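Peer 1: Just need the structure, nothing else, for what follows:
(one chain, ligands or ions: 1)
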Amino acid sequence: MRILIANDDGIYSPGLAALAAVAKKFGEVRVVAPDVEQSSMSHAITATRPLTYRRTTLKDAGVEAYRVNGTPADCVALGAFNWASVDLVLSGINLGTNLGNAVWHSGTLAAAKQGVLLGARGIAFSMPVSEEEPQFEVVAEWAEKTLTYLMPLKDVPLINVNIPLAPKGSRWTRQSFRHYDGKVVPGQDPMGRKNFWFTVVPIEEVEEDSDRWAMENDFVSMTPLRVELTDNDQLQRMRAAAQM
Ligand code: MN
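Peer 2: Residues are numbered from 1 along each chain as shown. Below is the predicted model:
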């Protein structure tokens with residue numbers, strides 16, 4: 001079992017080292033991750049300049065690791081190119097949840113998705129962050145439990161996993177989509193010039209059985225996602241309707 005690990009927080013994120021330590025129990029592990037933070041880069045690829053990588057050391061993780069001057073999707077593409085027959089791409093553990101609409105922006109999820117496009121399985125892991133230094137003991141224990149459970153489910157290609165800080169169980173969930181949590185907040189710089197933060201606002205109303213609902217109720221959230229975006233219901237409806 002060849003497991004390629006990437007993330008979007010950058011190669012020196014403690015979340016990545018925590019995931020690599022867990023993954024080692026399941027197979028042969030190689031880390032290929034961005035040299036700097038690439039959060040919210042989604043599935044961007046680098047097409048206007050060449051990519052390069054350098055071998056690096058991950059403190060305590062004891063795995064082969066490479067830092068790439070590119071996006072999460074670049075890292076998985078390059079990793080799979082240099083290491084044939086990757087079975088599974090793991091991404092994370094992202095410092096920050098990836099729930100609801102964040103799935104569209106997330107570089108963490110895009111790395112797993114890139115794995116699926118290349119014929120492997122993909123699983124993305126994210127956890128909440130607070131003011132405190134992140135603690136990985138409990139989250140890593142649940143990442144291992146989750147992987148043990150998901151590993152035999154070979155016909156589920158892409159899964160978005162979010163792990164609360166103190167889980168009491170796990171739930172299969174749907175991506176919450178009714179509310180968009182992005183917001184532009186205007187401000188100004190020290191010179192008095194206008195600027196804008198594109199930030200996240202809390203969502204009040206949480207859809208039951210959604211990824212957000214699970215996390216708010218301290219359950220590990222597992223959302224199976226599809227890569228094919230065609231809305232088949234609409235396609236059938238349109239084909240059945242009068243043509244132009
Ligand atoms: Mn991130």
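Peer 1: buried residues in stretch 29-48?
Peer 2: Buried residues in stretch 29-48, defined by neighbour count with 16 or more other Cβ atoms under 10 Å: 29-35, 37-43. Every C-beta, even on glycine, is put in place using the N, C-alpha and C of the backbone.
Peer 1: hang on, I meant stretch 198-207
Peer 2: I203, V206, E207.
Peer 1: ditto for stretch 52-60
Peer 2: If you call a residue buried by 16+ other Cβ under 10 Å, then stretch 52-60 has these buried ones: Y53, L58.
Peer 1: what's in contact with it?
Peer 2: 11-12, 16-17, 20-21, 31-32, 35, 64-69, 78 (Cβ atoms under 8 Å, 6 or more residues apart in numbering).
Peer 1: and the end-to-end length of that stretch?
Peer 2: In stretch 52-60, first residue to last residue: 25 Å (Cα to Cα, to the nearest Å).
Peer 1: For the chain, what lies in contact range of the ion?
Peer 2: By Cβ under 5 Å from the ion, the residues of the chain that approach the ion are D8, D9, S39, N94.
Peer 1: how close does W83 get to I123?
Peer 2: 18 Å (Cβ to Cβ, to the nearest Å).
Peer 1: cool, Q234 as well?
Peer 2: Between Q234 and I123 the computed distance is 29 Å (Cβ to Cβ).
Peer 1: in this protein, which spans are helices?
Peer 2: Ranges of helices in the chain, per DSSP state H, are 14-23, 72-82, 102-105, 107-117, 137-150, 211-216, 232-240.
Peer 1: winner for burial among those helices?
Peer 2: Among the helices of the chain, ranked by average contacts under mean count of other Cβ atoms under 10 Å, first place goes to helix 107-117 (a mean of 27).
Peer 1: Average pLDDT for that one, rounded please.
Peer 2: Average pLDDT, helix 107-117: 98.
Peer 1: Just the CA trace of that helix, in CSV.
Peer 2: The C-alpha coordinates for helix 107-117 follow below in CSV (Å, rounded to 0.1, in the frame of the first residue of the first chain):
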residue,chain,number,x,y,z
GLY,A,107,-6.5,23.1,-0.9
THR,A,108,-6.5,20.2,1.6
LEU,A,109,-9.5,18.7,-0.1
ALA,A,110,-8.0,19.5,-3.6
ALA,A,111,-4.9,17.4,-2.8
ALA,A,112,-7.1,14.4,-2.1
LYS,A,113,-9.2,15.1,-5.2
GLN,A,114,-6.1,15.3,-7.3
GLY,A,115,-5.3,11.8,-6.1
VAL,A,116,-8.7,10.6,-7.2
LEU,A,117,-8.3,12.2,-10.7
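Peer 1: contacts for that helix?
Peer 2: 4, 6-9, 38-44, 71-73, 75-77, 80, 86, 88-92, 94, 98, 103, 121-126, 157-160, 225, 227.
Peer 1: That'll do, ta.
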